[in-house]
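[1] predicted model and sequence follow; I will ask about them next.
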Amino acid sequence: MNIDRAVLMFAGFVVLLGITLSFTVHPWWIALSAFAGLNMIQAGITGFCPAAMIFRALGVRPGNAFK
């Protein structure tokens, strides 16, 4: 697995977690999904992704998007 796939899987997990928590715990958990979506847009525009930096520090091999 490379960083690109790890970031996409992590973002998908956070979105699904936010939706699940908003249905089961409290509606404001949808803000977690909104945060993940805004972070994905920001990473697409600027190329800066904190999750990619964390995965790189953990030793995940680089991909094409986050070098």
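    Structure's in. What do you need?
[2] what about stretch 21-32, start to end distance?
    9 Å (C-alpha to C-alpha, to the nearest Å).
[3] contacts only, for the residue most central in space within the chain.
    Centroid-nearest residue in the chain, with C-alpha atoms, centre = their mean: Ala11, separated by 2.8 Å. Each residue near Ala11 by C-beta atoms under 8 Å, 6 or more residues apart in numbering is listed here: Ala36, Asn39, Met40, Ala51. C-beta: built from backbone N, CA, C; applies to glycine.
[4] once you drop chain neighbours, what's closest to the third one?
    It stands for Met40. Once flanking residues are discounted, Met40 sits nearest to Ala11: 5.6 Å by C-beta to C-beta, 6 or more residues apart in numbering.
[5] and the one helix or strand the one you found maps to, average pLDDT?
    For Ala11, the element it lies in under DSSP states H and E is helix 3-24. Helix 3-24 carries an average pLDDT of 96.
[6] give me the number of neighbouring residues for Ala65.
    By other C-beta atoms under 10 Å, the residues close to Ala65 number 16.
[7] surely it meets Asp4?
    Yes: at 4.7 Å, Ala65 counts as touching Asp4 under the criterion of C-beta atoms under 8 Å.
[8] need the contacts of Ala11 in JSON lines (columns: distance to Trp28, secondary structure and pLDDT).
    As requested, the contacts of Ala11 are exported to JSON lines (distance: C-beta to C-beta, whole Å; DSSP: H, G, I helix; E, B strand; the rest coil; pLDDT from 0 to 100):
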{"residue": "Ala36", "distance to Trp28": "15", "secondary structure": "helix", "pLDDT": "96"}
{"residue": "Asn39", "distance to Trp28": "18", "secondary structure": "helix", "pLDDT": "95"}
{"residue": "Met40", "distance to Trp28": "20", "secondary structure": "helix", "pLDDT": "94"}
{"residue": "Ala51", "distance to Trp28": "23", "secondary structure": "helix", "pLDDT": "93"}
